[in-house]
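Novice: Below is the sequence, then the predicted model.
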Amino acid sequence: MSATRLIFGFHAVTSRLRQNPKSIKEILIDAARDDQRARGIINLAESLSIRWASCGGVKLTHLAGNDRHQGIVAHIDISRNPVDIESLLEALTEPARLLVLDGIQDPHNLGACLRVADAFGVHAVIAPKDRAVGMTATVYKVASGAADTVPYIAVTNLARTLKQLKDHGIWVFGTAEDAENDLVRFQIKGSVAWVFGSEGKGMRRLTRESCDQLVRIPMLGCIESLNVAVSAGICLYETYRQQSMT
């Protein structure tokens, strides 16, 4: 499988330019754009010796697969920023805060989860390689730059990875509607990995069994569940709140 991916939108491309410019192969900008924002991208690319070119908006829409590209598309080499769990954990100088996503299918949900992860200081987002959306151009667009600030680690065996995290002293907490533990009264200390299941189906059996504790978010209304990014935001905020008080 090719290591080249396409990202689009000013937030995604600007963040990639600032965070990992060596991974950018080429930037394409709508020839009709001659505004300050476009000129700023061009100046930044030229200062970093990154190739850019003008092209028609129709071509950009074809490349992006939609018309929400804002007139800018970039080809990136994802092999230029590999991250593995062991090296990540070894480099940490504070308790780990991880977000584990068990088979998220919607790129908008993954992009939103990356934004939430960035907001609450998550060190990495971990997800299975198979039966998951992966880092698509839409994910980069929705993430609004967070795809470049939060490492995304795709693993072959999620249950084995959760065991690996526990071997490093990281508590693995899963979220489930039928959990006995209520987030309001749940104590969160030390290194933590929060696990969220896929849309509709939740966590797979082995993933659920690999968790140290299961936690539910109290719901006062008539709906039965929340969007995965919303749930992640609630749990990660509570984690940040409790850990910042210690």
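Specialist: Received the coordinates, thanks.
Novice: Okay, buried residues for the helix or strand where residue 237 lies please.
Specialist: Residue 237 belongs to helix 228-244 when assigned by DSSP states H and E. Within helix 228-244, the residues that qualify as buried are 228, 229, 231, 232, 233, 234, 235, 236, 238, 239, 240, 243, counting by 16 or more other CB atoms under 10 Å. Quick note: C-beta positions are derived from backbone N, CA and C, even for glycine.
Novice: What is the nearest of those residues to residue 6?
Specialist: residue 229 (22.8 Å; CB to CB).
Novice: tell me the contacts of the residue nearest the centre of the chain?
Specialist: In the chain, the residue lying closest to the centroid (CA atoms, centre = their mean) is residue 114, at 3.0 Å. Neighbour list for residue 114: 125, 139, 142, 143, 146, 147, 150, 152 [criterion: CB atoms under 8 Å, 6 or more residues apart in numbering].
Novice: Now the two most distant members of the buried residues of helix 228-244.
Specialist: Longest span within the buried residues of helix 228-244, CB to CB: 228 and 243, 22.0 Å.
Novice: As a check, name the ranges of all strands in this protein.
Specialist: 4-8, 24-30, 52-55, 72-77, 97-102, 124-128, 152-155, 171-175, 181-182, 192-197, 213-216 (DSSP state E).
Novice: Tell me where the model's unsure across the protein.
Specialist: Residues of the chain that meet the criterion pLDDT under 70 lie in 1-3, 79-82, 246.
Novice: May I have the beta-bridge partners of the residue nearest to residue 51 when sequence neighbours are not counted?
Specialist: Closest residue in space to residue 51, ignoring its immediate chain neighbours: residue 26 at 4.9 Å, by CB to CB, 6 or more residues apart in numbering. Beta-bridge partners for residue 26, by DSSP bridges, are residue 75.
Novice: Neighbours of the residue nearest to residue 65 when sequence neighbours are not counted, how many?
Specialist: Distances taken as CB to CB, 6+ apart put residue 137 closest to residue 65, at 7.0 Å, once the chain neighbours are dropped. Neighbour count for residue 137, taken as other CB atoms under 10 Å: 23.
Novice: Then residue 104?
Specialist: Residue 104: 25 surrounding residues under other CB under 10 Å.
Novice: How about the contacts made by it?
Specialist: 110, 113, 127, 132, 133, 196, 198, 199, 228.
Novice: Skipping its backbone neighbours, what lies nearest it in space?
Specialist: The nearest residue in space to residue 104 (CB to CB, 6+ apart) is residue 110, at 5.1 Å.
Novice: from what I can see the one you found touches residue 139, true?
Specialist: Yes. Assessed by CB atoms under 8 Å, residue 110 is found in contact with residue 139 at 5.0 Å.
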